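[1] Let me see the structure of the following:
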Amino acid sequence: MERDAVACCHYTNRDCSRNSRNDDVVIFRLYLYFMNGSSDARIAKCTTGGALIIRGTQDNYHGECIDVNGVSTMFLLEKEHTYGSPPQTTKST
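    Below you'll find the predicted structure:
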């Protein structure tokens, strides 16, 4: 997704919520690509039926989960150790 982009996946969609409930835990694998060509892999854990917002700069960023009731929780994005490096991108000529 590009900067300031929005995407939705309704909790009744089984690709987004295993039990089609608005309070399931979902783990997002985030691959962040920056304008200087560097990248980072992070994870965020929220509940379905709400929102995940990523804020900050390349050097200082964090996540915010908003649950189905509108309760907001801010947190540091954890380094992704389990899944490895972000996928490599190639430019076609």
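
[2] And Ala7, how close does it get to Ser39?
    Noted for Ala7: a distance of 19 Å to Ser39, by CB to CB, to the nearest Å. For every residue, glycine as well, the C-beta is placed using N, CA and C.

[3] Between the two, which is the more surrounded one?
    Counted by other CB atoms under 10 Å, Ala7 and Ser39 do not tie: Ser39 has more neighbours, with 14 against 6.

[4] pretty sure that one contacts Leu30?
    No - here Ser39 does not reach Leu30: they are 10.5 Å apart, not a contact under CB atoms under 8 Å.

[5] got the residue ranges for the strands in this protein?
    25-33, 39-47, 51-56, 61-66, 72-75, 78-79 (DSSP state E).

[6] Could you pull up the mean pLDDT of the last one?
    Per-residue confidence for strand 78-79 averages out to 86 on the pLDDT scale.

[7] Which strands or helices does it pack on?
    If you count contacts as 3 or more CB pairs under 8 Å, 6 or more residues apart in numbering; DSSP states H and E, strand 78-79 packs onto strand 39-47.

[8] who's in contact with the strand it packs on?
    Residues outside strand 39-47 that contact it (CB atoms under 8 Å, 6 or more residues apart in numbering): 22-34, 52, 54, 63, 65, 67-68, 75, 77-80, 82-86.
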